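Enquirer: Could you work out the structure for the sequence below:
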Amino acid sequence: MFKFNPDLNVNSTKAEKYKAFVQAVTAGKLRNHHFTPQWHKMKICDFPYDAILQTETANEQIKVVQEHTNTSQYIFPGSRAETGRDEGISTLQRTRGYYSLFEPELMDKLYNYFLWDFVLMGYSKLDNPNFPHLDFDQDIKKEFGHLLKNHIDMVTANPGTDGTNKPTAKP
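Expert: Numbers count the residues shown, from 1 in each chain. The predicted structure is shown next:
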């Protein structure tokens, strides 16, 4: 992280280091497979999933899966996102704390980076009252319209890309 943000040092907080990480990833200076948009990894347009679940609300969602798969007799471990693991802070609390340090421009870059996860899989933004739950009823045009317009403009200006500057077809 220090090479991406020389202001960081060994005394920098985890939140400051995470912010530098997000800045580097969204600027295309760093690639990290843990920070890859899910729609890209899962090929959701190519595979007929029965359900897509998120770890942030796994305890609630696993109950629905158990009902449909007749596995209610099994106990599944709680999600770290809901119960917390480090310093007794849940991932939800940590998420809100870390992202509260982000300028609106960086949040827009982050939302743009994961745009299709939000649009295709119902992810909700931090300011959505349903966060961190999926929200398929959110007004996509209102929430992401400016980003979608930017994405469409980029694809139109750069044929053969998916808007991430990666070729979608071999020349």
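Enquirer: what phi and what psi does the backbone show at the residue nearest to residue 99 when sequence neighbours are not counted?
Expert: Excluding the flanking residues, the one nearest residue 99 by C-beta to C-beta, 6 or more residues apart in numbering is residue 126, at 5.7 Å. For glycine as for every other residue, the C-beta is placed from the backbone atoms N, C-alpha and C. Dihedral angles of residue 126 (phi, psi; degrees, to the nearest 10) stand at phi -60, psi -40.
Enquirer: how close does residue 126 sit to residue 106?
Expert: Note on residue 126: its distance to residue 106, by C-beta to C-beta, to the nearest Å, is 12 Å.
Enquirer: follow-up on the earlier one: counting neighbours, what do you get for the residue nearest to residue 99?
Expert: Number of residues near residue 126 (other C-beta atoms under 10 Å) recorded here: 14.
Enquirer: Find me the pLDDT at it, would you?
Expert: Per-residue confidence (pLDDT) for residue 126: 84.
Enquirer: Next up, the contacts around it.
Expert: By C-beta atoms under 8 Å, 6 or more residues apart in numbering, residue 126 lies in contact with 95-96, 99, 107.
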